[in-house]
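> here is my input; please provide its structure:
(one chain, ligands or ions: 2)
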Amino acid sequence: MDLLDCPPTITLPHNRFSAPIQKISHQEKISGALLNNRYVIQKVIGRGGIGLTYLALDSHRFNDVCVIKEFSPVFQETEQFNKLRDLFIREAKILYQLEHPQIPKFYACFETEERLFLVQEYIQGKSYSQLFQEKLKQGQTFSESEIIVWLRNVLPILEHIHQRGIVHRDISPDNIMESETGKLPILIDFGVGQQLNFSTQEIRDNSINQSHTPTLVGKIGYAPWEQLALGKCFPSSDLYSLGVTAIVLLTGKQPAELIDYSLEWQWRHHTKVSDAFAQIIEQFIAYNPQQRYQSAQEALTALNSLNMTSAKPIYFKSYFSQKQKIEKTKLFNSLGTSDTITAKFIKYCQEEYKFGLF
Ligand SMILES: Nc1ncnc2c1ncn2[C@@H]1O[C@H](COP(=O)(O)OP(=O)(O)O)[C@@H](O)[C@H]1O
Ligand SMILES: [Mg+2]
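Ligands and ions are numbered 1, 2, ... in the order given. As a prediction, this is how the structure comes out:
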């Protein structure tokens with residue numbers, strides 16, 4: 001059954017897809033297996049929190065290569081499991097709605113033998129984390145001009161999805177590929193993408209609901225505090241993650257190496273970029289969502305005007321006062337070391353929000 005023949009109401013019985021952990025290793029050995037009487041699995045190409053990703057051949061499309069994601073989460077607890085299954089179905093729905101040359105095409109979503117699958121276009125190319133590692137091995141990082149071109153090519157994808165009310169929520173070098181054919185960036189992995197659930201008034205007032213329970217979304221370091229602490233996302237949350245991705249590609253450092261204990265980004269001394277460009281990046285990664293660009297188009301306009309800007313020096317001042325920085329560092333250190341970094345970071349963001357330290 002093609003689940004997305006009737007997209008708005010996909011209801012699946014709870015816990016039917018209780019893929020036991022052992023099943024995963026079995027699945028890895030299924031190269032050559034026929035799925036749904038149509039897809040011939042070639043190999044596993046990814047394994048995330050929600051499931052496995054396979055390279056496959058579509059026998060109904062002249063053995064065209066395609067990508068199949070299978071819902072088989074590591075978490076088996078009912079609540080977590082159901083949440084993840086919803087994220088999986090959400091990815092299918094999002095891809096189904098979106099049509100953009102830099103987003104993999106949605107082909108099908110189906111269940112067979114009590115397993116749930118999503119089929120999408122195969123992108124021939126490498127992820128930016130692969131490209132980044134390759135550069136690092138040669139002792140290089142991405143240059144300012146490369147990142148400017150790259151941002152100019154990525155921002156229209158974000159504008160496209162945001163205009164359709166979708167926030168990706170998981171932008172990182174892993175989830176952006178470079179197509180071998182067009183050399184254009186392609187945005188993948190809409191597994192945690194979310195339909196916007198805020199009003200314009202809410203952004204203007206910054207009246208974010210504190211009782212909102214965060215879901216398992218985004219990557220530590222790439223996701224902004226409002227996403228991690230409150231589970232709230234705006235278009236500017238994706239722009240934040242894109243800005244972090246840009247500084248990672250520019251500096252060759254991971255986010256954890258670039259952020260200080262008051263959670264301020266310290267990236268400039270790791271790379272040589274013009275002040276005008278650095279100022280644009282700073283606006284991507286501003287702490288407060290209201291201080292960031294409010295749309296991808298706004299960021300694009302700023303980037304496009306770069307050449308026209310006279311190269312007058314810009315004074316960079318710290319976003320936080322010295323007193324705020326001391327208090328923030330004190331708070332961070334007071335949280336102890338028993339938690340994982342992820343848990344500590346989320347707790348920190350929540351505490352900070354409570355005490356109004358930003
Ligand atoms: N459409 C695609 N074309 C080619 N490779 C893909 C595609 N989608 C995913 N991949 C590869 O599979 C990996 C995992 O897929 P992804 O959708 O990011 O899921 P997750 O991060 O949840 O495992 C990606 O990092 C990428 O290397
Ligand atoms: Mg991914």
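> any idea how far I176 is from the closest residue to ligand 2 within the stretch 1-150 of the chain?
Proximity of the stretch 1-150 of the chain to ligand 2 (C-beta to the ion) peaks at G48, 5.4 Å away. Using the backbone N, CA and C atoms, a C-beta is placed for each residue, glycine as well. Distance of G48 to I176, given as C-beta to C-beta, to the nearest Å: 15 Å.
> the more surrounded of the two?
I176 (25 against 16; other C-beta atoms under 10 Å).
> ranges for the strands of the stretch 1-150 of the chain?
Under the criterion DSSP state E, counting those that start in this stretch, strands of the stretch 1-150 of the chain are mapped to 34-35, 39-47, 51-58, 64-71, 106-112, 115-121, 125-127.
> show me where pLDDT drops low in the stretch 251-358 of the chain?
308-320, 337-346, 353-358 (pLDDT under 70).
> separation between the residue positioned nearest the centre of the chain and A286?
By C-alpha atoms, centre = their mean, the chain has its centre lying nearest to D170, at 1.4 Å. According to C-beta to C-beta, D170 stands 20 Å off from A286.
> close to ligand 1, is stretch 123-135?
Yes. Under the criterion of C-beta under 6 Å from any ligand atom, stretch 123-135 makes contact with ligand 1 via I123, S127.
> who's in contact with that stretch?
For stretch 123-135, contacts defined as C-beta atoms under 8 Å, 6 or more residues apart in numbering pick out 65, 67, 104, 141-142, 172-181, 185-186, 188, 245, 248-249, 252.
> still on that earlier bit, turn the strands of the stretch 1-150 of the chain into JSON lines, columns for mean pLDDT.
Below are the strands of the stretch 1-150 of the chain laid out as JSON lines (pLDDT from 0 to 100):
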{"stretch": "strand 34-35", "mean pLDDT": "94"}
{"stretch": "strand 39-47", "mean pLDDT": "92"}
{"stretch": "strand 51-58", "mean pLDDT": "93"}
{"stretch": "strand 64-71", "mean pLDDT": "95"}
{"stretch": "strand 106-112", "mean pLDDT": "92"}
{"stretch": "strand 115-121", "mean pLDDT": "93"}
{"stretch": "strand 125-127", "mean pLDDT": "96"}
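> I'd like those strands written out as a markdown table, with mean neighbour count added.
Shown next, in a markdown table, are these (neighbours: other C-beta atoms under 10 Å):
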| stretch | mean neighbour count |
| --- | --- |
| strand 34-35 | 16 |
| strand 39-47 | 16 |
| strand 51-58 | 21 |
| strand 64-71 | 20 |
| strand 106-112 | 20 |
| strand 115-121 | 22 |
| strand 125-127 | 18 |
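> who wins for proximity to L303 among these?
Among these, strand 125-127 comes nearest to L303, with 22.7 Å by C-beta to C-beta.
> centre of the chain versus that closest one, how much separation?
How far strand 125-127 lies from its chain's middle: 16 Å, per C-alpha atoms, centre = their mean, to the nearest Å.
> that strand close to ligand 2?
No. Figure legend: strand 125-127 not in contact with ligand 2 (C-beta under 5 Å from the ion); closest approach 8.2 Å.
> quick one: strands adjacent to that strand?
Paired neighbours of strand 125-127 in the sheet (DSSP bridges): strand 176-179 (antiparallel).
> what's the closest non-adjacent residue to whichever residue of the stretch 101-250 of the chain sits closest to ligand 2?
Closest approach between the stretch 101-250 of the chain and ligand 2, counting by C-beta to the ion: D189, at 3.7 Å. Residue nearest to D189 in three dimensions, not counting chain neighbours: N175, with 4.2 Å by C-beta to C-beta, 6 or more residues apart in numbering.
> next, give phi and psi for that neighbour.
phi -100, psi 10 (degrees, to the nearest 10).
> ok, it to L184 distance?
15 Å.
> out of these two, which sits in the busier spot?
Applying other C-beta under 10 Å to N175 and L184 shows that N175 carries more neighbours, namely 23 against 16.
> for the more buried one, give me its contacts.
Taking C-beta under 8 Å, 6+ apart, one finds S127, H168, L187, I188, D189 in contact with N175.
> quick check: the second one touching L239?
No. Taking contact to mean C-beta atoms under 8 Å, the distance of 10.5 Å between H168 and L239 leaves them out of contact.
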